[in-house]
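> Could you look at this predicted model? Sequence included:
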There are 2 protein chains.
Amino acid sequence: MKLTATVLVRVFFALALAPLASPAADAPRLGNRPAPIRSPEVSADRQVTFRLRAPKATEVIVAGQWSTNRIAMVQGTNGVWSVTVGPIDPGVWEYSFAVDGLSMIDPGNPAIKPMREPRTSILHLPGVPPMLHDFQPVPHGVVHAHTYFSKPLQRPRELAVYTPPGYDKSRGTRYPVLYLQHGSGDNQATWVAHGRAHWILDNLIAQGRAKPMIVVMMDGHPAPAGDPLPPGENNSTRFERDLLEAVMPFVEANYRLKPGAAQRALAGLSMGGEQALRIGLNHTDTFAWIAGFSAGAPAADAITAATSDPTGINKRVRLLWVACGRNDFLLKRNEDFIALLKSKDIHHEWHLTEGAHSWPVWRLYLADLAPRLFR
Amino acid sequence: MKLTATVLVRVFFALALAPLASPAADAPRLGNRPAPIRSPEVSADRQVTFRLRAPKATEVIVAGQWSTNRIAMVQGTNGVWSVTVGPIDPGVWEYSFAVDGLSMIDPGNPAIKPMREPRTSILHLPGVPPMLHDFQPVPHGVVHAHTYFSKPLQRPRELAVYTPPGYDKSRGTRYPVLYLQHGSGDNQATWVAHGRAHWILDNLIAQGRAKPMIVVMMDGHPAPAGDPLPPGENNSTRFERDLLEAVMPFVEANYRLKPGAAQRALAGLSMGGEQALRIGLNHTDTFAWIAGFSAGAPAADAITAATSDPTGINKRVRLLWVACGRNDFLLKRNEDFIALLKSKDIHHEWHLTEGAHSWPVWRLYLADLAPRLFR
């Protein structure tokens, strides 16, 4: 059937103004599009239905972080595959579809985990009562998106900055700053979009448990995949230059920060944990609060500034906080790192927790760490 | 092969610290993952190679906005499909893969068009010299992400706010505000992530062509798909309440705005054009600058406040700006709307342009409109 402009306009308004607002109204392809598929659909008792239209597929699976099961979806009419799962516990869960082995986001769900290879959707089931990472009726901070030109890297880069509730009104007040890094698969947007760092901080501050602070989230990959690097440099050294030479001056020029190492923290998870522990321990004149979450913890020869001067480190560092889960594939690496710190008598806190290498653990780590900072 | 923790750690570091930084390092699945696929890969002469690993697929197509062709990708070794296209003109282009008919994002590309049904990736090829929507070496504004609780809608909602260069430092200065809406398939993030409204404004302001202004971008869909609405309400009436009763008070409380209708503009594209023209023309005491881009332009009975009082409208409205492309499927609707304005002697500007219902056209419309505002 060839659709006339009049029919298209009628379809357009039916869609755009219908009670069940449709996403399909502004493309010229409109007339050819099937009705939208609702996925995920969450019932009051947290049963969740996933759907995907894939008429030619022979196997569709949903794999979600709420369980270790991979669940086969069933093909119904019109080529729509679906399955209902649950009840699923409240939480912020990752999930993917596998269509004949091809791992992909759920195209029915606008919530996508920001990643370098985006294949993961987000299912956020708020808790009753709310969980610490849920949006709650408390004063809220703001997340600022910046693009800056990095002189050391000679390229535009993205940056996210959280300011605490009341920042805009508190003209005279200055704040401490936490530089908070993501893991290797993610980017500067992941700690907010998926980690919910902004809501965790909002809630901790509202409860009087954390000091109001600014949180700076950089892209941990200073060079796009495949771009050549200068000789002798790698991802980690490039990141260090961008942090120290570009981002810190940018943030200090644009935000009201308290000066001094005692007002600066550096933390990160996984690859970002390597960045935080290595750079932090080599720059204790700059960062007095240092933390690694499930870190790719550095070896002794990467932190000689610290291992060669334990007395100085112990004087300058207010908190060296290291946590890893019992089921994390980086546990041995973290245990080796802790053994190194002990052998050098470098003061630290070691938290061996439940859990594996995953965001539910890292949200809890942030919730544990943030109240300790800047005290 | 079962990977030991030691091997995993070694792989982790090889990936995290390698010159070609890999995105694959922080999931427990690490050991099972194939090497990352680089897509899109752009050569110096703007030849672009797209790749997708899909060993079981029988047909993979790439469809991009730079041309009307759908291009078949070719299966190579290891189940990786690829094709090289180009040279492709500089621009911000949408594209999708179709895998056995299933339309999806390119999972090798972190740049995704924010949509209610995300199936579209972004290929941004900067111009030489830079285009108006490119990031240029000029002072830059900031994009703020807010979550607010909407009282009229009784739910948390997302909001994006652009502040112009220097806003944070200009303590005493107040600014005019443009409320800028997206189309039916998009959300509050699309005008920045894909429309590049922030860079268009940065560049226009740097060139002295546009007044520094604040830009507020709401989610045009007040109710998630499938949620029931109160009787007598629809997507459009709900949006109006959220704008007037929740967002405007929120923005006026949190940003330094100049007061009065002459300092407020309301514009939108497609479905957002319907919202802007209808709400604007019914509230000319609130908005003196009103614009529709490829709008789902309202019928006469939706704007009776305007059609019943042309003299008042012409006194209060500083600019009513309407544009549509020759190949837009909503052209007839816009021509009818212009005929209505003419028949009522309501002053307006009508821009019949080249192009269809697409973002390349809407970026140009913003670039044409913004310099006209608040003069």
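Now that the structure is in, tell me what you want to look at. None of the values given here were measured: they were computed from a predicted structure.
> Now do the helices in the stretch 51-200 of chain A.
Along the stretch 51-200 of chain A, counting by DSSP state H, counting those that start in this stretch, helices occupy A:190-193, A:197-206.
> Now do the very next helix or strand once past the longest one, average pLDDT.
Using DSSP states H and E, the helix or strand that follows helix A:197-206 towards the C-terminus is strand A:214-218. For strand A:214-218, the mean pLDDT works out to 98.
> is chain B contacted by strand A:214-218?
No - looking at strand A:214-218 against chain B by CB under 8 Å from any CB of the partner chain, there are no contacts, and the closest approach is 12.1 Å. All C-beta atoms are positioned from the backbone trio N, CA, C, and that covers glycine.
> Give the partner strands of that strand in its sheet and their orientations.
strand A:155-163 (antiparallel), strand A:177-181 (parallel) (DSSP bridges).
> which element follows it toward the C-terminus?
Toward the C-terminal end, the helix or strand that comes next after strand A:214-218 (DSSP H and E) is helix A:235-241.
> counting contacts, what elements does that following helix pack onto?
Under the contact definition 3 or more CB pairs under 8 Å, 6 or more residues apart in numbering or on different chains; DSSP states H and E, helix A:235-241 sits against helix A:271-282, helix B:5-17.
> before we move on, the earlier item: out of the strands paired with strand A:214-218, deepest packed?
Here the criterion is mean neighbour count by mean count of other CB atoms under 10 Å in any protein chain shown, and of the strands paired with strand A:214-218 the winner is strand A:177-181, at a mean of 27.
> Run the angle between that strand and helix A:197-206 for me.
150 degrees (axes from the mean of the first three to the mean of the last three CA atoms, to 10 degrees).
> quick check, residue A:341 in a strand?
No - according to DSSP: H, G, I helix; E, B strand; the rest coil, residue A:341 belongs to no strand; its state is helix.
> Isn't it up against residue A:348?
Yes - at 4.9 Å, residue A:341 and residue A:348 qualify as touching, with contact defined as CB atoms under 8 Å.
> shared neighbours, those two?
Common neighbours of residue A:341 and residue A:348, using CB atoms under 8 Å, 6 or more residues apart in numbering or on different chains, are A:320, A:322.
> These two: who's more crowded?
Neighbours were counted for residue A:341 and for residue A:348 using other CB atoms under 10 Å in any protein chain shown; residue A:341 has more, 23 against 17.
> Please tell me how far that one sits from residue B:163.
In this view, residue A:341 and residue B:163 are 44 Å apart by CB to CB, to the nearest Å.
> For the stretch 201-350 of chain A, give me the ranges with low pLDDT.
Along the stretch 201-350 of chain A, segments meeting pLDDT under 70 span A:225-226.
> Show me which residues of it sit near chain B.
Taking CB under 8 Å from any CB, the part of the stretch 201-350 of chain A that reaches chain B is made up of A:221, A:223, A:225-226, A:228-229, A:233-236, A:254, A:269-271, A:274, A:294, A:296, A:329-333.
> Which entries within the residues you listed meet the buried criterion?
For those, a burial check counting by 16 or more other CB atoms under 10 Å in any protein chain shown picks out A:221, A:223, A:225, A:229, A:234-236, A:254, A:269-271, A:274, A:294, A:296, A:329-333.
> ok, residue A:266 - how many residues close by?
Residue A:266 is flanked by 27 other residues according to other CB under 10 Å.
> Can you tell me the SS state at it?
The three-state assignment at residue A:266 reads strand, by three-state DSSP.
> Could you verify my assumption that it touches residue A:280?
Yes - using CB under 8 Å, residue A:266 is in contact with residue A:280, at 4.4 Å.
> domains of chain A?
Domain ranges of chain A: A:1-34, A:37-125, A:142-372, per automatic domain parsing.
> Neighbouring strands - and their directions - for the helix or strand containing residue A:50?
Per DSSP H and E: residue A:50 is located in strand A:48-53. Applying DSSP bridges, strand A:48-53 is found paired with strand A:41-42 (antiparallel), strand A:80-85 (antiparallel).
> Turn these into a markdown table, including mean neighbour count and mean pLDDT.
Below are those laid out as a markdown table (neighbours: other CB atoms under 10 Å in any protein chain shown; pLDDT from 0 to 100):
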| stretch | mean neighbour count | mean pLDDT |
| --- | --- | --- |
| strand A:41-42 | 16 | 96 |
| strand A:80-85 | 19 | 98 |
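> just to revisit the earlier point, any chance of TSV for the helices of the stretch 51-200 of chain A, columns distance to residue B:110?
Listed next are the helices of the stretch 51-200 of chain A as TSV, based on distance: least, CB to CB, whole Å:
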stretch	distance to residue B:110
helix A:190-193	10
helix A:197-206	19
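> need those helices in a markdown table with distance to residue B:153 and mean neighbour count, can you?
What follows is the helices of the stretch 51-200 of chain A, written out as a markdown table (distance: least, CB to CB, whole Å; neighbours: other CB atoms under 10 Å in any protein chain shown):
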| stretch | distance to residue B:153 | mean neighbour count |
| --- | --- | --- |
| helix A:190-193 | 22 | 24 |
| helix A:197-206 | 19 | 23 |
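> Identify whichever of the ones you listed lies nearest to residue B:59.
The minimum distance between residue B:59 and those falls on helix A:190-193, with 32.7 Å, by CB to CB.
> so what's residue A:145 scoring on pLDDT?
Note on residue A:145: pLDDT of 98.
> do the same with the one 4 residues further on
As predicted, residue A:149 sits at a pLDDT of 97.
> what pairs with it across the strands?
For residue A:149, the beta-bridge partners are residue A:156 (DSSP bridges).
> Fine, thanks again, bye for now.
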